[in-house]
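Participant: Quick check, what structure comes out for this input:
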Amino acid sequence: MKKKAEMGVGTLIIFIALLLVAAVAAGVLIQTAGSLQQRALSTGSQATGQIATNAVALEVSGTDGTAALEDLEMIMKLAPGSDPIRLEAVTLTLSTSNSTQTFVYDSGLAAGNQTHFAASYLQQGTNGDVGLLVRGDVVSISFQSQRALLEAEDVRISFIPQIGTPTVVAFSLPDVISTERVYLYP
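Facilitator: I've put the predicted structure just below:
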């Protein structure tokens with residue numbers, strides 16, 4: 001009888017050891033699953049920000065009055081569901097059939113001969129901040145072409161944020177420019 005009791009204690013010790021190993025393994029699996037879930041949520045929110053972040057061009061106009069335009073203005077707002085856009089992290093391009101210009105934001109600290117665009121707020125959202133495009137903002141982006149844009153010329157303006165999708169506006173100038181202010185888009 002003594003032998004049977006010793007075998008029962010040994011079996012109980014092995015059983016408890018197996019339970020401890022199983023508990024440790026379950027803990028490792030739960031920790032790994034939590035880490036993977038956190039990483040997946042982070043990746044998902046970054047992907048959503050990359051895809052959903054952009055601006056909407058409401059209007060493009062030009063001023064001059066002679067048969068060519070040099071001063072352009074684009075009125076924009078944030079697209080629905082978009083994250084805020086820092087204007088310092090935006091590149092603006094103006095392309096014609098034979099040239100392309102690149103503009104960067106003029107935050108008031110710009111110097112030298114680089115080409116810049118300026119932004120003035122026509123309407124500011126509740127969380128508005130200068131140099132930032134947030135929900136509720138309507139901003140006027142002004143820039144000047146290095147050469148006169150001629151009548152009937154095809155033009156393409158791209159508003160390219162560092163994070164997000166670009167906004168591209170393409171249009172043709174009118175065949176005859178007879179007024180000082182010309183509405184080009186939409």
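
Participant: From now on I want contacts and neighbour counts done on CA atoms only, so please keep to that.
Facilitator: OK.

Participant: mind listing the strands for this protein?
Facilitator: 55-63, 68-78, 85-86, 90-95, 100-105, 116-123, 132-133, 138-150, 154-161, 167-172, 181-185 (DSSP state E).

Participant: name the helices or strands packed onto the fourth one?
Facilitator: Here strand 90-95 is seen to pack against strand 100-105, strand 154-161 when contacts are counted using 3 or more Cα pairs under 8 Å, 6 or more residues apart in numbering; DSSP states H and E.

Participant: Equivalent analysis for the second one, please.
Facilitator: In terms of contact count using 3+ Cα pairs under 8 Å, 6+ apart, strand 68-78 is assigned the packing partners strand 55-63, strand 138-150.

Participant: Check which residues of the shortest one are buried.
Facilitator: By neighbour count, and taking 16 or more other Cα atoms under 10 Å as the criterion, the buried residues in strand 55-63 are 55, 56, 57, 60, 61, 62, 63.

Participant: Next: the last one.
Facilitator: Buried residues in strand 138-150, counting neighbours by 16+ other Cα under 10 Å, are found at 138, 139, 140, 141, 142, 143, 144, 145, 149, 150.

Participant: For the fifth one, list each beta-bridge partner.
Facilitator: Going back to what we said before, that points to residue 142. According to DSSP bridges, residue 73, residue 118 are recorded as the beta-bridge partners of residue 142.

Participant: same question, the last one
Facilitator: On DSSP bridges, the residues paired with residue 150 through beta bridges are residue 68.

Participant: Was I right to think it contacts residue 64?
Facilitator: No - here residue 150 lies out of contact with residue 64, judged by Cα atoms under 8 Å, at a distance of 11.3 Å.

Participant: Okay, now the unreliable bits of this protein?
Facilitator: Counting by pLDDT under 70, the chain contains low-confidence residues at 1-7, 47-51, 65, 108-114.

Participant: quick one: contacts of stretch 172-186?
Facilitator: Contacts made with stretch 172-186 from outside it, assessed by Cα atoms under 8 Å, 6 or more residues apart in numbering, are listed as 58-68, 150-155, 169, 171.

Participant: about what we covered before: redo the helices and strands packed on strand 68-78 as TSV? Include distance to residue 117.
Facilitator: Shown next, in TSV, are those (distance: least, Cα to Cα, whole Å):
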stretch	distance to residue 117
strand 55-63	14
strand 138-150	5
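
Participant: Can you tell me the centre-most residue of the protein?
Facilitator: Nearest to the mean C-alpha position of the chain, counting by Cα atoms, centre = their mean, stands residue 164 at 2.9 Å.

Participant: domains of this protein?
Facilitator: Segmentation of the chain into domains, based on automatic domain parsing, reads 1-52, 55-185.
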